[in-house]
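Participant: Kindly return the folded structure for what I paste below:
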Amino acid sequence: MNTEQVSENTAVSNDDKLDFKRILPIFVIVLIDLLGLTIIIPLLPLYAASFGVTPAVIGLLGAMYPLMQIVGAPVLGRLSDRYGRKPILIISQIGTLLGFILLGFANTIVLLFVARIVDGISGANISTAQAAITDSTTEKTRTQGLGLIGAAFGLGFIIGPVIAFISLAASNNDYRVPAFVAAGFSLLSILLTTFWFHETLPEDERGQRQNLETFSLKALVKALSNPAVGILLILMFAQQLAFGGFEQLLALFTLANQGFNASRNAIIFVYVGVIVVAVQGYFIGKWSQRFGDRRLIYGGLALLAIGLVAISFTPRQPLPGYSKAALEEELSAGRQGVGETPPTQNVAVDLPEENNTGWLGLGWILAAMVPLAIGGGILQPAINSLITKRVDQQEVGGMLGISSSFLSAANALAPIIGGILFQALGPRSPFLSGGFLMALLLFVAMRLVTPGREENMAAGLARGGDTH
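Facilitator: Sure thing, here's the model as predicted:
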């Protein structure tokens, strides 16, 4: 073999392997950014409840972050195409830092809304990080590189609530402290981006991507009318409406039903996160090969329906040692401004009484969350995988972009709808209605999501293998 052949083989080999040295800074920066977000998630509904606002207002607050992401993501993405990834990452991270600092100093519900709006617009920097990974990978390694963003999300949803629990325990359940801890992680991400991250988009390539087709209403209608993937996009939206509502309202439900404070809710979030990460990081690959994406979607809808309905029937039973007065005092301290005395405003959420304590409520929740978390962990990757197999190769990127838009819209609507149901019909209603919706969609999916070309191709390959 001559020198040119060796060089060519080496180049091919390098194209097949992900350059972890280039990707590692992006992965670490995204993970640290996400830690700030996931530290806040378990306590935000309780922080808002401490101001005496209704569940509907708390739901609206939960919608601010994803709504602002819908606005911010395309703007930051285009700016990064024009000016480079690094400056846009730093600017957006500074916005996130300001959002967390505002959250820590918030002494009114208005300031909480402002903090989430600022953080939401800035939190859309994930799209910029994905663009940096695209710059740093080849077509053969891109899926693996972008998959690391999913891994960062998974780790963040385990580590973040743990940090929230520790910071709450160390501060005697002062809700401001986790916000300042999140700000500390945000500052660390700014420093890492400034001194470790190297620009991935060369100057001569900036501003060259202006003519690419962007998301539009016409593209959305066209995608929905596609008989191969239209129902899959509807399923993506609906399952996230149910699972996203569960994530956003879980802390409020356990506050009203079990009297769980922010620390106990953080532990529940860790439990759910471990199950989801195990499913998405290990089991789903094996299950997909064994059962196929179509059957995984059926199974995911069924499990999510069972889990949501089961959660809605959780007995209203606080743990032994529960004190309603102590919980009210904690919530009051949670809205205390710096240097102020605790306010006396009542919490709008109806807290459980102390005359029926025990372990059944907690055990019920932990058991119900197993099918719920597995179903939620299965559906998004299985639906996206099936979408990519049912469209032409040149349409894959656009369809996944539309799928992502459906996810963002569902994340914005879920807490609003759930908060209104919570307030109007009671704490169990968002989960019960979500479970019934998933059961209905299971029957729809079994009728409309039928074997497609991917299964016919697999069957053909199997027959070819048998006769070979």
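Participant: so where is the stretch 251-400 of the chain shaky, pLDDT-wise?
Facilitator: For the stretch 251-400 of the chain, the stretches flagged by pLDDT under 70 are 333-347, 393-398.
Participant: again, only this time at 50
Facilitator: 337-345 (pLDDT under 50).
Participant: Show me where it has its helices.
Facilitator: All helices of the stretch 251-400 of the chain, identified by DSSP state H, counting those that start in this stretch, fall at 262-278, 284-291, 293-312, 324-334, 360-389, 396-425.
Participant: buried sites along the last one?
Facilitator: So the one you mean is helix 396-425. For helix 396-425, the buried set under the neighbour-count rule, 16 or more other C-beta atoms under 10 Å, comprises 398-399, 402-423. Where you see a C-beta, it was placed from the backbone N, CA and C, and this is true even at glycine.
Participant: Give me the contacts around stretch 353-373.
Facilitator: Residues from elsewhere that reach stretch 353-373, judged by C-beta atoms under 8 Å, 6 or more residues apart in numbering: 246, 254, 257-258, 268, 271-272, 275-276, 279, 303-304, 306-308, 310-311, 313-324.
Participant: Which residues are in contact with the nearest residue to residue 281 once chain neighbours are set aside?
Facilitator: Computed as C-beta to C-beta, 6 or more residues apart in numbering, the closest residue to residue 281 that is not its neighbour in sequence is residue 154, at 6.2 Å. Counting by C-beta under 8 Å, 6+ apart, residue 154 touches 273, 276-277, 280-281.
Participant: if we can go back for a sec, highest mean neighbour count out of the helices of the stretch 251-400 of the chain?
Facilitator: Comparing the helices of the stretch 251-400 of the chain by mean neighbour count (mean count of other C-beta atoms under 10 Å), helix 293-312 comes out on top with a mean of 23.
Participant: Let me know the angle separating that one from helix 360-389.
Facilitator: Helix 293-312 runs at 160 degrees relative to helix 360-389, counting by axes from the mean of the first three to the mean of the last three C-alpha atoms, to 10 degrees.
Participant: export helix 293-312 as PDB, just CAs?
Facilitator: Extracted C-alpha coordinates of helix 293-312, given in PDB (Å, rounded to 0.1, in the frame of the first residue of the first chain):
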ATOM      1  CA  ASP A 293     -40.400   2.100  16.500                       C
ATOM      2  CA  ARG A 294     -44.100   1.700  15.600                       C
ATOM      3  CA  ARG A 295     -44.700  -0.700  18.500                       C
ATOM      4  CA  LEU A 296     -42.600   1.400  20.800                       C
ATOM      5  CA  ILE A 297     -45.000   4.300  20.100                       C
ATOM      6  CA  TYR A 298     -47.900   2.100  21.000                       C
ATOM      7  CA  GLY A 299     -46.200   1.000  24.200                       C
ATOM      8  CA  GLY A 300     -45.100   4.500  25.100                       C
ATOM      9  CA  LEU A 301     -48.700   5.900  24.700                       C
ATOM     10  CA  ALA A 302     -50.100   3.000  26.800                       C
ATOM     11  CA  LEU A 303     -47.500   3.400  29.600                       C
ATOM     12  CA  LEU A 304     -47.900   7.200  29.700                       C
ATOM     13  CA  ALA A 305     -51.700   6.800  29.900                       C
ATOM     14  CA  ILE A 306     -51.500   4.300  32.800                       C
ATOM     15  CA  GLY A 307     -48.900   6.400  34.700                       C
ATOM     16  CA  LEU A 308     -50.900   9.700  34.400                       C
ATOM     17  CA  VAL A 309     -54.200   8.100  35.500                       C
ATOM     18  CA  ALA A 310     -52.400   6.300  38.400                       C
ATOM     19  CA  ILE A 311     -50.800   9.600  39.500                       C
ATOM     20  CA  SER A 312     -54.200  11.300  39.500                       C
END
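Participant: Please tell me how far residue 377 sits from residue 275.
Facilitator: To residue 275, residue 377 is 7 Å away according to C-beta to C-beta, to the nearest Å.
Participant: likewise residue 85?
Facilitator: From residue 85 over to residue 275 (counting by C-beta to C-beta), the distance is 34 Å.
Participant: and if you look at residue 321?
Facilitator: With C-beta to C-beta as the criterion, residue 321 and residue 275 are 27 Å apart.
Participant: Which strands and helices lie in contact with the one helix or strand residue 218 maps to?
Facilitator: Using DSSP states H and E, the element containing residue 218 is helix 217-224. Under the contact criterion of 3 or more C-beta pairs under 8 Å, 6 or more residues apart in numbering; DSSP states H and E, helix 217-224 touches helix 230-258, helix 396-425.
Participant: relative orientation of that helix and helix 396-425 in degrees?
Facilitator: 90 degrees.
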